[in-house]
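Visitor: let's see this in three dimensions:
(chains A and B, ligands or ions: 2)
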Amino acid sequence: MDREGQNGFRIPSGCAVSAIFSKEGTRRSGEEIIRSIAMMHERSNGLGGGFAAYGIYPEYKELYALHVFYEGKYSKEQCEAFLFEHFDVVNLSKIPTRKSPAIQDEPLIWRYFVEPLHTKLSESQLDPDTFVSRCVIRVNSGIDGAYIFSSGKDMGVFKAVGFPEDVGAFYRLEEYKGYCWIAHGRYPTNTPGWWGGAHPFALLDRAVVHNGEISSYDANRRNIEMYGYRCNLLTDTEVITYILDFLVRRRGLSYEEAANVIAAPFWSTIAAQEEAEKRRLTYLRNVFSGLLITGPFSIIVGFTGGIMALNDRLKLRSMVVGEKDETVYIASEEAAIRVIQPELERVWAPRGGEPVVIRLHPTAGEKEG
Amino acid sequence: MAQEYLYPEFQVVRDLSRCTGCRACAAQCANGVHRYDADRGQMVSDETRCVNCHRCVAFCPERALKIVKDRQCFRENDNWSGDAIREIYRQAASGGVLLSSMGNAKEYPVYWDRLLINASQVTNPSIDPLREPMETKTFLGKKPDTLRRDAAGRLVPELPPQLELDTPILFSAMSYGSISYNAHESLARAAQALGTCYNTGEGGLHRDFYRYGANTIVQVASGRFGVHRDYLEAGAAIEIKIGQGAKPGIGGHLPGAKIVGDVSATRMIPEGSDAISPAPHHDIYSIEDLRQLVYSLKEVTRGEKPVIVKIAAVHNVAAIASGVARSGADIIAIDGFRGGTGAAPTRIRDNVGIPIELALAAVDQRLRDEGIRSSVSLIAGGSIRSSADALKAILLGADAVYIATAALLALGCHLCRSCHSGRCNWGIATQRPELVARLDPDEGAQRLVNLVTAWTHEIKEMMGGMGINSIEAARGNRMMLRGVGLNEIELGILGVKHAGQ
Ligand code: SF4
Ligand code: SF4
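Guide: Ligands and ions are numbered 1, 2, ... in the order given. Coordinates of the predicted model:
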């Protein structure tokens, strides 16, 4: 099957994004997020929808959960041979789905709970995260017809070609419980209809959904590819995910600092800061100048224990945040929040380039919601 | 006089019904073309001396003058061009190496003219530079690979030395000596007003210009003319010149006639002696030697100045640049084969080196493949003719561009390509006081400021059209370029797709 990016062409797309996050760690089912993203049906065109959920695999918390698409048995055999060679596979199964006429041409969809084989890991001299991310990149660029689309711990990505609400029903998301849900509806101008091209895009526990079309794409791609990433899909979301992985995991920046890089304040704003802040912002902008993202975007980034929402510095895409008790809602449109929580205590539209970072309370338990 | 078989290339056309015999042209032409013939009671011309610099045309109050290409021709021959024939006559008469000035004028492909820039439609909005901020600030220098935090976890914002520019356009090296005091003053003042830098070239820095130090790049070339401690300390950055696009592989030659007065003092060589810089630096015979020079210059300046290494675009430029990047250089300047010069052997100028577009694309890609692109910045030069060329260079991967010929044109140069004669009628490439005085530094600086300001505006317009509001997002953004009429190999080297793809 044709994959995105394969012929070297880039496909522009518009989108809808939505997220729910419980600061207390209350776990809720996927029902609400489906209703929220369905509200913005008009912003998708049925060519891609997907979800990321955190806290859904408490029984396998310490293991990497790999979600994999296969085009056929042959690619499955090859990929599994690779996985067995590099990982201790604790559990494997088909991901349960519900047939529906709205979702067609599904690939084989499998899930593996794994940990790196100790021998392989020590041989590689890598930390487990780097080991896993390299394996994921190897499978995705090296094994034809196999695609690992989710690779974090205690989290998972569920995506398909279709409208997001149909994708949610297809994956039976009402049966999962998570403290954080992120959803995406895609409006690409055209696609080869490959499931891996739907969003969220994830590497390890970091999942990104994005609405927009960045004008800095190739500058960012060529910069990040210097550090061992391969942008095979030629999508914005893919490059943004790699940039965040690089800045946060590999360079050790906080999410707030990473936001100062990718949606850096204008020089005129920096000039107006007090001295220490001016030096800090100038430093980040200068050192990582190739990772500045321009053009319209609103992104939501999920990670273990937190979430970040960020708009481009001119705020060329809409994004609203709402709060009620300990729950935070983020969406492209306010209506998508109101439909699941009409009584918000606070609603605001973050300014361009201003990151909204929300984390679990240190005391957050994992209650059932 | 021996028969030289050389006939005038230009014809001085004087409209006698307009000419009043005021002799303004005679006063303006340092080549002595115009003369008043008392017997005939009219102005006459010796066309053999005319270089077509338009000075007399511009100053004729009656608009009586026109310089046109002489229609005298050789029998048509597609193989033996008129130039080829004339050059043979000249060498047969002189026995010497042919000299030329300014850049390669031959018919080689200009890749800038085969590259087209993108703009946004529908899926992504363009940005209006008149209403939204549009940023061109550029920092040149190494970016660190590791971050440091203090005990409280705050970032320590320490960086290797950086060159901060308000616009990614710098004036490239032109020595005091090859060009005049007034030309240098114009460049220095314009660089200061624009928040960018000019470059001393290999002729040292005149005492009067030390005050523009924050906007000066001081050059260290193979002749080491004018290099001393204060000089190195005076600039914002130091450039080691390994090569020049117009004459890769050879050194500079400034004729003794131009080594007069302050020029000789600034270069620290006797008056009237030819300033001949050797082809290589005699302390650099390999890449390790370059590393030593880079570090000794850093040591003299306590590591406070970025070091630029300027190389000519030659066949193996990507590998060379990669070696230079690993030898401690903070910035690499690549000079394409169409770059200008005050004087170069014609054969070298016209036949040695490669186009900057291909060199730049190859170097940028190689440094990225090796993961070292952020440890060095790139300046591209060698015939950047307009803001569009400049932006295309940045989209291909340059951090900034060097301009020199364009800057001289702004000062009034008419590209007559006779700088080596030392009789520049526009007061630029000359040391004759009466000619130098023709260039007013106030006006010169203003015209340079106008030019670069206009280019910067145009760059902003084109960036806005692409939906990019900061120059760093344009750097290396090759998807914003398409080629027209280029073959697969050319597209591959440039790293761009063909228009329509
Ligand atoms: S050399 Fe210049 S000033 Fe002299 S006649 Fe020719 S165009 Fe006029
Ligand atoms: S600088 Fe003077 S001599 Fe040289 S090309 Fe320009 S006008 Fe002619």
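Visitor: burial of A:Val139, as a residue count?
Guide: 21 (other CB atoms under 10 Å in any protein chain shown). Backbone N, C-alpha and C define where each C-beta goes, glycine included.
Visitor: where does it land in three-state SS?
Guide: helix (DSSP: H, G, I helix; E, B strand; the rest coil).
Visitor: quick check: the gap between it and ligand 1.
Guide: 71 Å (CB to the nearest ligand atom, to the nearest Å).
Visitor: now do the contacts for that residue.
Guide: Counting by CB atoms under 8 Å, 6 or more residues apart in numbering or on different chains, A:Val139 touches A:68, A:79, A:82, A:146-148.
Visitor: so what's A:Glu85 scoring on pLDDT?
Guide: At A:Glu85, the pLDDT value in this model is 95.
Visitor: just the element for it, please.
Guide: Secondary structure assigned from DSSP states H and E places A:Glu85 in helix A:73-86.
Visitor: roughly how far is the next helix or strand after that helix from the heart of the chain?
Guide: The first helix or strand that comes after helix A:73-86 along the chain, using DSSP H and E, is strand A:87-94. On the basis of CA atoms, centre = their mean, to the nearest Å, the separation between the geometric centre of strand A:87-94 and that of its chain is 23 Å.
Visitor: what are the buried residues along strand A:87-94?
Guide: Going by neighbour count (16 or more other CB atoms under 10 Å in any protein chain shown), the buried part of strand A:87-94 is A:87, A:89.
Visitor: tell me which other helices or strands it touches.
Guide: Other elements packing on strand A:87-94 under the criterion 3 or more CB pairs under 8 Å, 6 or more residues apart in numbering or on different chains; DSSP states H and E are strand A:108-116.
Visitor: just list what the strand it packs on packs against, helices and strands only.
Guide: Using 3+ CB pairs under 8 Å, 6+ apart as the contact criterion, the elements in contact with strand A:108-116 are strand A:64-70, helix A:73-86, strand A:87-94, helix A:128-142.
Visitor: which element is the residue in the stretch 101-250 of chain A positioned nearest to ligand 2 on?
Guide: The stretch 101-250 of chain A approaches ligand 2 most closely through A:Ala219 (36.6 Å), counting by CB to the nearest ligand atom. Applying DSSP H and E as the criterion places A:Ala219 in helix A:217-224.
Visitor: what bits of the stretch 151-300 of chain A have low per-residue confidence?
Guide: A:188-193 (pLDDT under 70).
Visitor: residues of the stretch 51-200 of chain B that sit close to ligand 1?
Guide: Taking CB under 6 Å from any ligand atom as the criterion, the stretch 51-200 of chain B approaches ligand 1 at residues B:51-56, B:67.
Visitor: pLDDT below threshold where in chain B?
Guide: Scanning chain B with the threshold set as pLDDT under 70 gives B:1-3.
Visitor: how about the residue positioned nearest the centre of it: what's its closest non-neighbour residue?
Guide: For chain B, B:Ala404 is the residue whose C-alpha lies nearest the centre (CA atoms, centre = their mean; 3.0 Å). Closest residue to B:Ala404 apart from its sequence neighbours, by CB to CB, 6 or more residues apart in numbering or on different chains: B:Ser172 at 4.4 Å.
Visitor: identify the bridge partners of B:Met43.
Guide: On DSSP bridges, the residues paired with B:Met43 through beta bridges are B:Tyr36.
Visitor: picking that back up, what's the closest of the helices and strands packed on strand A:108-116 to B:Ile259?
Guide: helix A:128-142 (61.3 Å; CB to CB).
Visitor: any buried residues in that closest one, and which?
Guide: Counting neighbours by 16+ other CB under 10 Å, helix A:128-142 gives A:129-133, A:135-137, A:139-140 as buried.
Visitor: same deal with stretch B:92-102?
Guide: Taking 16+ other CB under 10 Å as the basis for neighbour counts, the residues of stretch B:92-102 that come out buried are B:99-102.
Visitor: let's have those in JSON lines, adding distance to B:Gly21.
Guide: Conversion of the buried residues of stretch B:92-102 to JSON lines gives the following (distance: CB to CB, whole Å):
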{"residue": "B:Leu99", "distance to B:Gly21": "36"}
{"residue": "B:Ser100", "distance to B:Gly21": "36"}
{"residue": "B:Ser101", "distance to B:Gly21": "33"}
{"residue": "B:Met102", "distance to B:Gly21": "34"}
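Visitor: filter those down to just the ones in helices.
Guide: Of the buried residues of stretch B:92-102, none are assigned to helices by DSSP state H.
Visitor: and those, which is closest to A:Glu225?
Guide: Nearest to A:Glu225 among the buried residues of stretch B:92-102: B:Met102, at 39.4 Å, using CB to CB.
Visitor: so who does that closest one touch?
Guide: In this structure, B:Met102 makes contact with B:340-341, B:405, B:415, B:417, B:419, judged by CB under 8 Å, 6+ apart.
Visitor: Serialize these to JSON lines and add fields for secondary structure, distance to B:Ile493 and neighbour count.
Guide: Below are the contacts of B:Met102 laid out as JSON lines (DSSP: H, G, I helix; E, B strand; the rest coil; distance: CB to CB, whole Å; neighbours: other CB atoms under 10 Å in any protein chain shown):
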{"residue": "B:Gly340", "secondary structure": "coil", "distance to B:Ile493": "24", "neighbour count": "29"}
{"residue": "B:Thr341", "secondary structure": "coil", "distance to B:Ile493": "26", "neighbour count": "28"}
{"residue": "B:Thr405", "secondary structure": "helix", "distance to B:Ile493": "25", "neighbour count": "22"}
{"residue": "B:Leu415", "secondary structure": "coil", "distance to B:Ile493": "29", "neighbour count": "17"}
{"residue": "B:Arg417", "secondary structure": "coil", "distance to B:Ile493": "30", "neighbour count": "18"}
{"residue": "B:Cys419", "secondary structure": "helix", "distance to B:Ile493": "32", "neighbour count": "26"}
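Visitor: quick one: which helix or strand includes the nearest residue in space to B:Gly397 that is not next to it in sequence?
Guide: Distances taken as CB to CB, 6+ apart place B:Asp364 nearest to B:Gly397, at 2.9 Å, with adjacent residues excluded. For B:Asp364, the element it lies in under DSSP H and E is helix B:356-369.
Visitor: hmm, the helix or strand that that helix is followed by in reach of chain A?
Guide: Past helix B:356-369, further along toward the C-terminus, the next helix or strand under DSSP H and E is strand B:377-381. No - using CB under 8 Å from any CB of the partner chain as the criterion, no contacts between strand B:377-381 and chain A are found, and the smallest distance is 10.0 Å.
Visitor: adjacent strands (with direction) for strand B:377-381?
Guide: Strands that pair with strand B:377-381, judged by DSSP bridges, come out as strand B:331-335 (parallel), strand B:400-403 (parallel).
Visitor: can I get the ones you listed in JSON lines including distance to A:Pro58 and mean neighbour count?
Guide: Output for the strands paired with strand B:377-381, formatted as JSON lines (distance: least, CB to CB, whole Å; neighbours: other CB atoms under 10 Å in any protein chain shown):
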{"stretch": "strand B:331-335", "distance to A:Pro58": "53", "mean neighbour count": "29"}
{"stretch": "strand B:400-403", "distance to A:Pro58": "54", "mean neighbour count": "28"}
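Visitor: go through those and name the closest to ligand 1.
Guide: Using CB to the nearest ligand atom and comparing the strands paired with strand B:377-381, the one that lies nearest ligand 1 is strand B:400-403, at 24.4 Å.
Visitor: near ligand 2, anything from the next helix or strand after the closest one?
Guide: Sequence order places helix B:405-410 as the next helix or strand after strand B:400-403, per DSSP H and E. Yes - using CB under 6 Å from any ligand atom as the criterion, contacts between helix B:405-410 and ligand 2 involve B:Leu408.
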